[in-house]
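K.L.:
got a structure for you, letters missing:
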């Protein structure tokens, strides 16, 4: 196979100051803006009226007893189980309609806001780059890629014979989009809301079921919790503790 | 693999595990971007560039192990290269950073390669 000489393109050094640098700065600043917008738009937790709060707390009580039963002695666990199951079986309330419940609308608005904070800057920057910077070749990738990427990397550059390693401004945008995480880590701390990537990961992860969300039947939850409590086979972490202690002393 | 019962006898604090993982991933994403600068200035291309990245990331992880993990973990009776005192899985410690920092590495590598060489 004949070795082709590497293509060289004479580029104006001004391209750096007028394309590469502005795009990078805008991407970083957008990330910082997104972080602070998310922080500022986070709505404070809603006040819950007394009966609903009581419901939540007693359910949490049940969950806490169920998950920490190993720290209790057998008689005290039995007494708690008695009390909670009878209380849960006695409780009953009708579920609320999610659309009329103001709390539910609040939750949906929060999700909308987050999605907006991601969507709007992306669309704006994409169209900004396409309007002002399309058709410029600014960088060369340091590794070869297949011809398939040509249409993506060289959008707006209609040159047939050009090596697909040359990339236009829009592909620099994509590189920034994926690779600027470390800058935000450095500037804003590691649990920032700046990176789109991290937020998308979050969006993809299965959401924890909303325990006290609107429209959840409290009565059913209570009954399920009572059942969960009833089936626990109790043991204590202190069972056989003296043997473990002796073994620990022996091995020292 | 420890059973549920053993976890209850000697519980693991999730906050501390999070903190350890975060410290490691912060170090790796920052160092990956600096390796990208180095590779770009050296003018590495294709395979040698990726090889450079893998070698130096693994070197960083080994240094992290020797200076931060090994002193206390060897003292507490764990074997060499056993990170279970501070991290949940071995895989997370040894290979997690390789993929976490790759995007940042490619970004700075491309930028400095483009500025210095191409």
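P.N.:
Nice, I can see it. Source: prediction; values computed, not measured. Numbering: from 1, shown residues only, chains lettered A, B, ... in the order given.
K.L.:
near chain B, anything from stretch A:162-181?
P.N.:
Yes: against chain B, stretch A:162-181 shows contacts by Cβ under 8 Å from any Cβ of the partner chain at A:167, A:175, A:176, A:178, A:179, A:180, A:181. (Glycine included, C-beta is placed from N, CA and C.)
K.L.:
show me the contacts for the second one.
P.N.:
Neighbouring residues of residue A:175 by Cβ atoms under 8 Å, 6 or more residues apart in numbering or on different chains: B:106, B:107, B:110.
K.L.:
go again using 10 Å as the cut-off
P.N.:
A:23-24, A:27, A:139, A:141, A:153, A:167, B:103, B:106-111 (Cβ atoms under 10 Å, 6 or more residues apart in numbering or on different chains).
K.L.:
could you list the low-confidence segments of chain A?
P.N.:
Within chain A, the segments meeting pLDDT under 70 span A:1-6, A:91-107, A:155-156, A:158, A:190-217, A:252.
K.L.:
residue A:65 reaches residue A:229, doesn't it?
P.N.:
Yes: applying Cβ atoms under 10 Å, one finds residue A:65 in contact with residue A:229, separated by 6.9 Å.
K.L.:
residues shared between the contacts of those two?
P.N.:
A:77, A:80, A:81, A:84.
K.L.:
tell me how many other residues surround the first one.
P.N.:
Think residue A:77. 20 (other Cβ atoms under 10 Å in any protein chain shown).
K.L.:
quick one: it from chain B, how far?
P.N.:
Between residue A:77 and chain B the computed distance is 14 Å (Cβ to the nearest Cβ, to the nearest Å).
K.L.:
show me what contacts the one residue in chain B that gets nearest to chain A?
P.N.:
Closest to chain A within chain B is residue B:107: 3.1 Å, counting by Cβ to the nearest Cβ. When the contact criterion is Cβ under 10 Å, 6+ apart, the partners of residue B:107 are A:24, A:172, A:175-183, B:32-33, B:36, B:40.
K.L.:
now do the helices in the chain.
P.N.:
Here I'm looking at chain A. Applying DSSP state H to chain A gives helices spanning A:14-15, A:21-41, A:50-67, A:74-90, A:102-132, A:150-153, A:169-179, A:181-188, A:196-204, A:218-230, A:241-251.
K.L.:
switch to chain B, please.
P.N.:
B:4-9, B:14-42, B:46-64, B:70-75, B:90-100, B:102-116.
K.L.:
next one, pLDDT for the residue of chain B closest to chain A please.
P.N.:
Model confidence at residue B:107, given as pLDDT, is 88.
K.L.:
residue B:91 now?
P.N.:
For residue B:91, the model assigns a pLDDT of 75.
K.L.:
from residue A:63, how far out is it?
P.N.:
Counting by Cβ to Cβ, to the nearest Å, the gap from residue B:91 to residue A:63 is 31 Å.
K.L.:
between the two, tell me which one has more neighbours.
P.N.:
Shown here are residue B:91 and residue A:63; by other Cβ under 10 Å, residue A:63 has more neighbours (13 against 9).
K.L.:
tell me where the model's unsure across chain B.
P.N.:
In chain B (pLDDT under 70), the answer is B:1-9, B:77-80, B:118.
K.L.:
out of the helices of chain B, nearest to residue A:110?
P.N.:
Closest to residue A:110 of the helices of chain B is helix B:14-42 (Cβ to Cβ; 23.7 Å).
K.L.:
neighbours of the closest residue to residue A:65 other than its chain neighbours, just the number please.
P.N.:
The spatially closest residue to residue A:65, leaving aside those adjacent along the chain, is residue A:80, at 5.2 Å (Cβ to Cβ, 6 or more residues apart in numbering or on different chains). Close neighbours of residue A:80, defined as other Cβ under 10 Å, add up to 18.
K.L.:
now do the contacts for residue A:80.
P.N.:
A:61, A:62, A:64, A:65, A:66, A:69, A:72, A:229.
K.L.:
among the residues you listed, which ones are buried?
P.N.:
A:61, A:62, A:65, A:66, A:69, A:72, A:229 (16 or more other Cβ atoms under 10 Å in any protein chain shown).
K.L.:
how about the residues of the stretch 51-200 of chain A by chain B?
P.N.:
By Cβ under 10 Å from any Cβ of the partner chain, the residues of the stretch 51-200 of chain A that approach chain B are A:67-71, A:138-145, A:165-167, A:171-172, A:175-186, A:189-191, A:197.
K.L.:
cutoff 8 Å now
P.N.:
Going by Cβ under 8 Å from any Cβ, the residues of the stretch 51-200 of chain A near chain B are A:70, A:138-144, A:167, A:175-176, A:178-183, A:185-186, A:190-191, A:197.
K.L.:
can you tell me the closest non-neighbouring residue to residue B:25?
P.N.:
residue B:100 (5.5 Å).
K.L.:
separation between that neighbour and residue A:183?
P.N.:
14 Å.
K.L.:
when the two are compared, which one has more neighbours?
P.N.:
residue A:183 (23 against 18).
K.L.:
now the residue nearest the centre of chain B: closest residue in space, sequence neighbours ignored.
P.N.:
Nearest to the mean C-alpha position of chain B, counting by Cα atoms, centre = their mean, stands residue B:97 at 3.8 Å. Spatial nearest neighbour of residue B:97, excluding adjacent residues (Cβ to Cβ, 6+ apart): residue B:28 at 3.3 Å.
K.L.:
surely that neighbour and residue B:94 touch.
P.N.:
No: the pair residue B:28 and residue B:94 does not pass the contact test of Cβ atoms under 8 Å, sitting 11.3 Å apart.
K.L.:
between the two, which contacts overlap?
P.N.:
With Cβ under 8 Å, 6+ apart as the test, residue B:28 and residue B:94 both reach residue B:61.
K.L.:
measure the closest residue to residue A:142 other than its chain neighbours to residue B:105 for me?
P.N.:
The shortest distance from residue A:142 to any non-neighbouring residue, by Cβ to Cβ, 6+ apart, is to residue B:113 (4.2 Å). From residue B:113 across to residue B:105, the span is 12 Å (Cβ to Cβ).
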